[in-house]
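*Asks:* with the sequence up front, the predicted model follows.
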Amino acid sequence: MNRNLSFKLGAIALLIILLLIPLMMIDGLISERQQLRDGVLEDIARSSSTRQQISGPVMVVDYRKTVRTWKTDEKTQKRYQEAHEKQGRLYFLPEHFELDGKAQTELRARGIYEARLFHADNHISGQFAVPEQYGIKDDFADYQFDAPFLAVGISDIRGIENALQLQLNGQTLDFAPGTFVSWLDEGVHVVLPPLDVKKATRLDFAFDLRLQGTGQLEVLPVGKTSKVRLSANWPHPSFIGNYLPAQREVTEQGFVAAWQTSFFSTNLQQAMERCAVSSECHDFNGRSFGVSFIDPVDQYLKSDRAIKYALLFISLTFAGFFLFEVLKSLSVHPIQYGLVGVALAFFYLLLLSLSEHLGFELAYGLSAGACVLLIGFYVSHVLHSWRNGAAFAAALAALYGLLYGLLSAEDYALLMGSLLLFGLLGVFMVLTRKLDWYGIGLRKEPAPLSFDLEVGHE
């Protein structure tokens, strides 16, 4: 390989390495803007209400038990009985739990950032099967019970939008703030009328809960059998939690999803007992499921994915530029390569700034179009031909289109990228199959001049 070609390839490689500096700065700017956006969304959530999880209802019964122990007097050696009171709680989960929720979403804006809030109308119903003597078989006469109450955990009570009333066996009871159960955290409770503990009792309950939240709505399936149905006008749901919906339907108008669980699948009774005894409540609270109202067009995520292809994109563009140079026997200065590379780097900065105001698709089209026009205009003068410049601009536009396809096809990005690189390699090999690489950059010696002299004869 001649010295000129070695110098040219080395200069191109050095330019690619130097262009990594502005690309890294733009990548850092993407992360910074994303963190700023997340902070604004958290501020919006804090000023209204955050993600919501509904846990309960759980029936709670406080008791005092008289504990009698026999002791022996050290002096008289007579035995006597000593009594003291022990306090505790009994917890009961519903025999059946059902929730039917219908949500409407809205946008709250602060500056250029928007947070998606939801308003969910939930109808919650079910039954408690309270066993005879609360299930206590030994020393029942030593127990004294307070009035039972129902506790419903709501992760952010600021989102409650209606006055809560419980329908219990035909009675109407008002809820009060607080759960008085540490592992349910925030929420509400309602004191129940005294029960006849000497016989088993069935309690049918129902109440309506209108709840506002941001981002996510989750439900803890507290029943021995639980049925949950959620619907909303949001067409891009992400189903979260330990259980996927048994049935779901997603359309352009919204979604409908239904879950069904039992104690056999959740083991919630044992998790609750462990939580009540040892305060290890991660298993209990972690068995929830629900939906996340996500925005499928995250311009920062897509911009970050786009800049990961920047090195490949610039290398392919330089390779095309170099191909024009060697096939057309032109001479392109490394500074001209550098200006084209800087224009390619500016594409990502334009994409980031425009996508914050116009959306990713429109921002991508405008940024790519601006770069294609600028580079096409410049290259047409560098290559001394508007046709060559137009061909280069068309190839660059096709490359931007392929990049957008890679960004959109998450599941097939690797396959599409592999096929793209293989295809471009094949095109490069076909176009340069007859090229004399040793002869590139060598000065062609001018042909010797010949003079035909005519000699006249007399």
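*Replies:* That came in fine, so what should we check first? Residues are numbered from 1 along each chain as shown.
*Asks:* contacts, neighbours, all on C-alpha from now
*Replies:* OK.
*Asks:* Arg51 touches Gly213, doesn't it?
*Replies:* Yes. Under the criterion of CA atoms under 8 Å, Arg51 makes contact with Gly213 at 5.3 Å.
*Asks:* neighbour-wise, which of those two wins?
*Replies:* Gly213 (25 against 20; other CA atoms under 10 Å).
*Asks:* what's the weakest-modelled helix or strand in the chain?
*Replies:* In the chain, no helix or strand scores lower on mean pLDDT, DSSP states H and E than helix 413-431, which sits at a mean of 70.
*Asks:* now name the helix or strand holding Gly88.
*Replies:* Per DSSP states H and E, Gly88 falls inside strand 79-92.
*Asks:* neighbouring strands for that strand, and are they parallel or not?
*Replies:* Using DSSP bridges, the strands paired with strand 79-92 are strand 52-72 (antiparallel).
*Asks:* for the most centrally placed residue in the chain, phi and psi?
*Replies:* With distances taken as CA atoms, centre = their mean, Ile294 lies nearest the centre of the chain, 6.7 Å away. Phi and psi for Ile294, reported as degrees, to the nearest 10, are phi -90, psi 150.
*Asks:* looks like it contacts Trp234 (just checking).
*Replies:* No. Counting by CA under 8 Å, Ile294 stays clear of Trp234, with 9.0 Å between them.
*Asks:* burial count for Lys137?
*Replies:* Neighbour tally, Lys137, other CA under 10 Å: 8.
*Asks:* sorry, slip of the keys, the one I care about is Asn233.
*Replies:* Asn233: 19 neighbours (other CA under 10 Å).
*Asks:* just the pLDDT for it.
*Replies:* In the prediction, the pLDDT value recorded for Asn233 is 91.
*Asks:* tell me the contacts of the residue nearest to the centre of the chain?
*Replies:* By CA atoms under 8 Å, 6 or more residues apart in numbering, the contact list for Ile294 reads 116, 215, 236-238.
*Asks:* so how far is Leu344 from Tyr400?
*Replies:* Separation of Tyr400 from Leu344 (CA to CA, to the nearest Å): 11 Å.
*Asks:* check Gly88 too.
*Replies:* Distance of Gly88 to Leu344, computed by CA to CA: 70 Å.
*Asks:* more neighbours: which of these two?
*Replies:* Leu344 (21 against 11).
*Asks:* enumerate every residue touching the more buried one.
*Replies:* 314, 371.
*Asks:* so which strand or helix has it?
*Replies:* Element membership of Leu344, judged by DSSP H and E, is helix 334-358.
*Asks:* for that helix, list every residue counted as buried.
*Replies:* 334, 337-338, 340-342, 344-352, 354-356 (16 or more other CA atoms under 10 Å).
*Asks:* and that helix, average pLDDT?
*Replies:* Helix 334-358 comes out at a mean pLDDT of 87.
*Asks:* before we move on, what about stretch 127-147?
*Replies:* Per-residue pLDDT over stretch 127-147 has a mean of 88.
*Asks:* what sits against Tyr337?
*Replies:* 12, 15, 318, 321.
*Asks:* ok, Gln77 to Arg68 distance?
*Replies:* The spacing between Gln77 and Arg68, counted by CA to CA, is 19 Å.
*Asks:* actually, Val340.
*Replies:* 90 Å.
*Asks:* can you check Leu20 too?
*Replies:* 79 Å.
*Asks:* what do you get for Leu195?
*Replies:* Applying CA to CA to Leu195 and Arg68 gives a distance of 26 Å.
*Asks:* same check, this time on Cys371
*Replies:* Relative to Arg68, Cys371 is positioned 87 Å away (CA to CA).
*Asks:* more crowded one of the two?
*Replies:* Cys371 (22 against 12).
*Asks:* buried set for the strand holding Gly88?
*Replies:* Under 16+ other CA under 10 Å, the buried positions of strand 79-92 are 91-92.
*Asks:* tell me where the model's unsure across the stretch 1-150 of the chain.
*Replies:* Across the stretch 1-150 of the chain, the ranges flagged by pLDDT under 70 are 1-5.
*Asks:* where does Asp452 land on pLDDT?
*Replies:* 48.
*Asks:* the contacts of Tyr337 in helices, which ones?
*Replies:* Those of these mapping onto helices are 12, 15, 318, 321, per DSSP state H.
*Asks:* tell me, how many residues neighbour the last one?
*Replies:* The burial metric for Phe321, expressed as a neighbour count using other CA under 10 Å, is 17.
*Asks:* list the beta-bridge partners for the residue lying closest to Pro235 once chain neighbours are set aside.
*Replies:* Once flanking residues are discounted, Pro235 sits nearest to Gly254: 4.2 Å by CA to CA, 6 or more residues apart in numbering. Note on Gly254: beta-bridge partners Thr251, judged by DSSP bridges.
*Asks:* Met59 too?
*Replies:* Counting by DSSP bridges, Met59 forms beta bridges with Phe92, Leu150.
*Asks:* and if you look at Ser125?
*Replies:* Taking DSSP bridges as the rule, Ser125 bridges to Glu98, Ala206.
*Asks:* wouldn't it be in contact with Pro94 here?
*Replies:* No. In terms of CA under 8 Å, Ser125 does not count as a neighbour of Pro94; the distance is 9.7 Å.
*Asks:* the more surrounded of these two?
*Replies:* Each of Ser125 and Pro94 has its neighbours counted (other CA under 10 Å); Pro94 has more, 25 against 20.
*Asks:* pull the contacting residues for that one.
*Replies:* Listed by CA under 8 Å, 6+ apart, the contact set of Pro94 reads 57-59, 126-129, 222-224.
*Asks:* please repeat the previous calculation with a cut-off of 6 Å.
*Replies:* Pro94 makes contacts with 127-128, 223, as judged by CA atoms under 6 Å, 6 or more residues apart in numbering.
*Asks:* next one: Glu249
*Replies:* 255-256.
*Asks:* host element of Val219?
*Replies:* strand 216-220.
*Asks:* relative to that strand, what are the paired strands and their orientations?
*Replies:* Short version: by DSSP bridges, strand 216-220 pairs with strand 52-72 (parallel), strand 289-293 (antiparallel).
*Asks:* still on that earlier bit, surely the residue nearest to Pro235 is in contact with Trp234?
*Replies:* Yes. Between Gly254 and Trp234 there is a contact under CA atoms under 6 Å: 4.5 Å.
*Asks:* so for these two, which sits in the more crowded spot?
*Replies:* Set Gly254 next to Trp234 and count neighbours by other CA under 10 Å: Trp234 wins out with 21 against 16.
*Asks:* which SS class is the more buried one?
*Replies:* At Trp234 the chain is in coil, as set by DSSP: H, G, I helix; E, B strand; the rest coil.
*Asks:* ok, it - contacts?
*Replies:* When contacts are counted by CA under 6 Å, 6+ apart, Trp234 is found next to Gly254.
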